[in-house]
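Trainee: Sequence and predicted structure are below.
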Amino acid sequence: MRRTLVHIAGLGAIAMVAAGCTGPVAIALTGASVASYAATGKSLSGHAVHSMTGRDCDTLNLLVAKPLCTPEQPAVEVADSEPVYCYHTLGQVTCHRVPDPWMSPLSRVQ
């Protein structure tokens, strides 16, 4: 929550500075950036940097002394060698490494 307030305050400060220099265009872009941040967690410039680099970047991180782009997480490999047996139970799906002898074959998730 605090991070969001800092980012919105930073956008407001940028809007005030930009509005004094360029007028209604800057106000419209700042409003669009604030709306984008509220909906997606990234400003318009953050989306632009992300589309150019392919990494998770947010230009508003610079306002709070964080790196522009978050480090990439290593891919986690999942072993497909072990079968998983999943069954519909009351309101959920339950999975096991071995078939459950007490469950009906009709309740098994395919």
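Mentor: Received the coordinates, thanks. No experiment lies behind these values; they were computed from the predicted model shown.

Trainee: which stretches of this structure aren't confidently modelled?
Mentor: 1-22, 78-80 (pLDDT under 70).

Trainee: And the helices in it?
Mentor: Applying DSSP state H to the chain gives helices spanning 2-22, 24-40, 44-53.

Trainee: what does the last one rub up against?
Mentor: Put plainly, it is helix 44-53. 29, 32-33, 36-37, 40, 42, 56-60, 68-69 (CB atoms under 8 Å, 6 or more residues apart in numbering). Glycine gets a C-beta too; all of them are placed from N, C-alpha and C.

Trainee: one more time with 10 Å
Mentor: 7, 14, 29-30, 32-37, 40, 42-43, 55-61, 68-69 (CB atoms under 10 Å, 6 or more residues apart in numbering).

Trainee: Now which of the residues you listed would you call buried?
Mentor: For those, a burial check counting by 16 or more other CB atoms under 10 Å picks out 7, 14, 29-30, 33-34, 36-37, 42-43, 57-61, 69.

Trainee: List just the nearest of the residues you listed to residue 90.
Mentor: residue 42 (39.6 Å; CB to CB).

Trainee: I'd like the distance from the closest one to residue 97, if you could.
Mentor: Using CB to CB, to the nearest Å, residue 42 is found at 40 Å from residue 97.
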